[in-house]
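Enquirer: A structural model of the following input is requested.
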Amino acid sequence: MFCKNCGSAVKDGIRFCPKCGNATAGNESRNGGASGSGGEFGFAWEGNGRESFGYTGTGNAVGTPGAGAVQKKANGGKKMLVIIAAVAVVAAVLFAVWRHNANKKYSIVGEWVSAGSVDMGLLIDAILEENDISGLWAETFRTALGSWYGVTDNLAFVFYDRGEFGITLGGVGVSVLDTTYELMPNGKLNMNFGFNGILKQIPIKGLSFNVKCKVGKDTMTMEMFGSKFEFQRKN
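Expert: Numbering: from 1, shown residues only. Okay, here's the model as predicted:
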């Protein structure tokens, strides 16, 4: 028979022209060829020992991704995008919750008890120093607060919603002070001490004491005279 493409003579049974490689038969598949989707490859040997190679059809060659492989790859990419989007959404929600809790403002109103003992002598001296009170007037204050001065015990603050607060040390309160407070947005706690009793007769209107304060749901931290003190909210 003769090649339909180049007209060369081709022996019977040879499926590809040894000259041009064109298919000489139909698209039937056989062991000598490797087929794709709708096409096939084949090899033929010429009389002079040269190998001829040919392909016919419109399908994909062996080793070349077909439509199914491309579709699977596309589906895999879509799944990965969905996973990434889901992780991003979860991360955004967790960050929003964390930020909300971090910025949440808790009320200072209530009773707070120190987690450890506080040296009231240091606290009183710090208040006097912040108000530039020394000498005779400082000794007058120390005398008036003699039951507290130099005592180390659990300190408690009671903050009322009317802007006043009380102090107790080891469960004992002081009666010579009229007190008010204001918690500023920047975390500064302004505590003001007015006088009654014997202290009301001295020519000083009052004292003020500012501390850095962080109020949480059940804990409060105060920075006083170079140290941090933890307080627990008492239910």
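Enquirer: For this protein, which segments are assigned as helices?
Expert: Per DSSP state H, the chain carries helices over the ranges 67-103, 120-130, 135-144.
Enquirer: For the second one, buried residues please.
Expert: Same thing as helix 120-130. Within helix 120-130, the residues that count as buried by 16 or more other C-beta atoms under 10 Å are 120, 123-125, 127-128. Bear in mind the C-beta positions are built from the backbone N, C-alpha and C, glycine included.
Enquirer: Turn those into JSON lines, columns for pLDDT and distance to Ile167.
Expert: Shown next, in JSON lines, are those (pLDDT from 0 to 100; distance: C-beta to C-beta, whole Å):
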{"residue": "Met120", "pLDDT": "83", "distance to Ile167": "9"}
{"residue": "Leu123", "pLDDT": "82", "distance to Ile167": "9"}
{"residue": "Ile124", "pLDDT": "83", "distance to Ile167": "11"}
{"residue": "Asp125", "pLDDT": "86", "distance to Ile167": "16"}
{"residue": "Ile127", "pLDDT": "82", "distance to Ile167": "11"}
{"residue": "Leu128", "pLDDT": "85", "distance to Ile167": "16"}
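Enquirer: Single out the most deeply packed of the helices of the chain.
Expert: Burial of the helices of the chain is given as mean neighbour count (mean count of other C-beta atoms under 10 Å); helix 120-130 ranks first at a mean of 17.
Enquirer: Identify the residues contacting Met191.
Expert: Met191 is in contact with 165, 179-181, 208-211, counting by C-beta atoms under 8 Å, 6 or more residues apart in numbering.
Enquirer: go with 10 Å
Expert: 127, 157, 159, 165, 167, 179-183, 207-211, 213 (C-beta atoms under 10 Å, 6 or more residues apart in numbering).
Enquirer: same check, this time on Ser107
Expert: Contacts for Ser107 (C-beta under 10 Å, 6+ apart) come out as 159, 161, 183, 215, 217, 233.
Enquirer: Find the residue ranges of this structure scoring beneath the pLDDT cut-off.
Expert: Along the chain, the model assigns pLDDT under 70 to residues 25-74, 96-104, 174-177, 195-205.
Enquirer: Can you tell me which of the contacts of Ser107 end up in strands?
Expert: Under the assignment DSSP state E, the contacts of Ser107 contribute 159, 183, 215, 233 to strands.
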